[in-house]
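Engineer: Just the structure for this:
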Amino acid sequence: MFDEVAHAYDKTNDLLSFGQSHYWRFRLRRAVRPEAGQKILDIAAGTGTSSMALMVPGVKIVAADFSKGMLEEGKKRYPELEFVFADAMKLPFSDNEFDVVTMSFGLRNVSDRNVALKEFLRVLKPAGRLVICEFSHVPGPLGVLYRFYLKNILPKISKLMSKNPAAYDYLSESIMAWPKQAELKKDIEDAGFSVASWKSLTFGVVALHEGVKAN
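Structural biologist: Here you go, the predicted model:
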């Protein structure tokens, strides 16, 4: 499914999010705080757009994804990045290898997020940080409107904009089935992370979750 939408994926997401995707990448970068000398794993990196948002001089970024189509498109766009085919539940990296592990809008697509979270912990160095940017839950009356948009409007727009509208039907379904912010925070803690926290963005449409691996 993701192989088929790789070419237009980033542009379609920018349009469907009404441009908020740029703001979300900005907030992700601010949370990651990339610094020279760090090694960062961006899992579910897709075409590498999220990875490029973290690029600063002296930082080593590995852009990993399970979609070969996304990786091939990314290699054309950003030859300066290192792209790696990787399963989030069985990462092909050593223990204690990365200073930061980040994942943007990919954890919903993993069949067992708890296994993936433990893998992220494994490959992080002691005191390494996890930063996850993921769709979340909008509370109150705004939440009712948002769910109406997801269920009734987004699929219609995607049929006009995408060659594979089923991919965006899946997007709506996976967002509505996703756990709330506090539940995901608990999952991160249960995986072994300490100092877990979350912050809602755009009224809760998206949440940034963070965790730290103990020394």
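
Engineer: tell me the residue furthest from the middle of this structure?
Structural biologist: Largest separation from the mean C-alpha position in the chain: P141, at 26.4 Å (CA atoms, centre = their mean).

Engineer: Just to be sure, it is in a helix?
Structural biologist: Yes - counting by DSSP: H, G, I helix; E, B strand; the rest coil, P141 is found in a helix.

Engineer: Quick test: name the residue nearest the centre of the protein.
Structural biologist: The C-alpha lying nearest the average C-alpha coordinate of the chain belongs to S104 (CA atoms, centre = their mean; 1.3 Å).

Engineer: List the residues that contact it.
Structural biologist: S104 makes contacts with W24, R25, L28, D42, A44, A45, S50, I132, C133, E134, as judged by CB atoms under 8 Å, 6 or more residues apart in numbering. In short, each C-beta sits where N, CA and C put it, glycine included.

Engineer: Look up phi and psi at G106.
Structural biologist: Per-residue torsions, G106: phi -130, psi -20 (degrees, to the nearest 10).

Engineer: Quick check: the gap between the closest residue to it other than its chain neighbours and N96.
Structural biologist: Of all residues not flanking G106 in the chain, A44 sits nearest, at 2.4 Å (CB to CB, 6 or more residues apart in numbering). Relative to N96, A44 is positioned 21 Å away (criterion: CB to CB, to the nearest Å).

Engineer: Which of the two has more residues huddled nearby?
Structural biologist: Taking other CB atoms under 10 Å, A44 and N96 do not tie; A44 has more neighbours (26 against 12).

Engineer: K118 contacts F193, correct?
Structural biologist: No - between K118 and F193 there is no contact under CB atoms under 8 Å: 9.7 Å.
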